[in-house]
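K.L.:
need a structure here:
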Amino acid sequence: MPLITQDEVIEILQLSSNTDYDQLIKSMIPIVRDFIVDYTHNRFLSDHYIYAGTIAFVNGTPATITDSDSNFVESYLTYADDIHVGNSLYNDGYYSVASVAAGTITLANGETLNTEAAAEASPIIHEMKWPKGLKRIAARMIGYELQKNIDKGISSESIGGYSVSYSSTAAYPDSITSGLNIYRQMWD
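P.N.:
Numbers count the residues shown, from 1 in each chain. Now for the predicted structure:
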């Protein structure tokens, strides 16, 4: 299960499909994913993984991760939507997956890799397991970014005796990030 899809963001935020929003939502999903992982110190890794020196990374369109031993299916990565790569030379990080076959993980459009031959390292690839409760928080984070995009140029506003200033440096308000606190962990 992915952290959240573009369609889920549109549904949760009750937006009508708009091509301007669609591209921004699509580009915000990996940014929000990385923010959640960094903020919570939680990698959300499942027990499904592969660790092998037969894994190679191929930068292309689309980018792919290959295993000459064809063990992705046997490692139960068949249904992975998001993965974490560790212990590689150049490709540690989080990636969205388009499809998984026995010897090839095809990454989603827009994902890039650095070419890395098999046996240069012994990478470990974990399936990520996102709690369903994170969908609402991720949607709110994306909604916050959409609102900032709509309101760009407004730095403060006043109504009667009430005034408020907006900071462009704040990542997300506490009203959103406080929902992430139950997922916080110490780094392992």
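
K.L.:
Output the longest helix belonging to the protein.
P.N.:
In the chain, with assignment by DSSP state H, the single longest helix is helix 19-40.

K.L.:
Could you pull up the residues touching Tyr90?
P.N.:
Counting by Cβ atoms under 8 Å, 6 or more residues apart in numbering, Tyr90 touches Phe57, Leu113, Asn114, Glu116. C-beta coordinates here come from the backbone N, C-alpha and C atoms, glycine included.

K.L.:
Low-confidence ranges, this protein, go.
P.N.:
Using pLDDT under 70 as the threshold, the predicted model of the chain has low-confidence ranges 17-19, 149-158, 161, 163-170, 187-188.

K.L.:
rerun that using 90 as the cut-off
P.N.:
For the chain, the stretches flagged by pLDDT under 90 are 1-2, 15-24, 26-27, 73-80, 109-110, 119-121, 145-172, 185-188.

K.L.:
for it, what spans make up the helices?
P.N.:
Using DSSP H, the helices found in the chain span residues 6-12, 19-40, 134-150, 174-177.

K.L.:
okay, those in CSV with distance to Thr61 next?
P.N.:
Rendered in CSV, the data for those read as follows (distance: least, Cβ to Cβ, whole Å):
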stretch, distance to Thr61
helix 6-12, 20
helix 19-40, 16
helix 134-150, 26
helix 174-177, 34
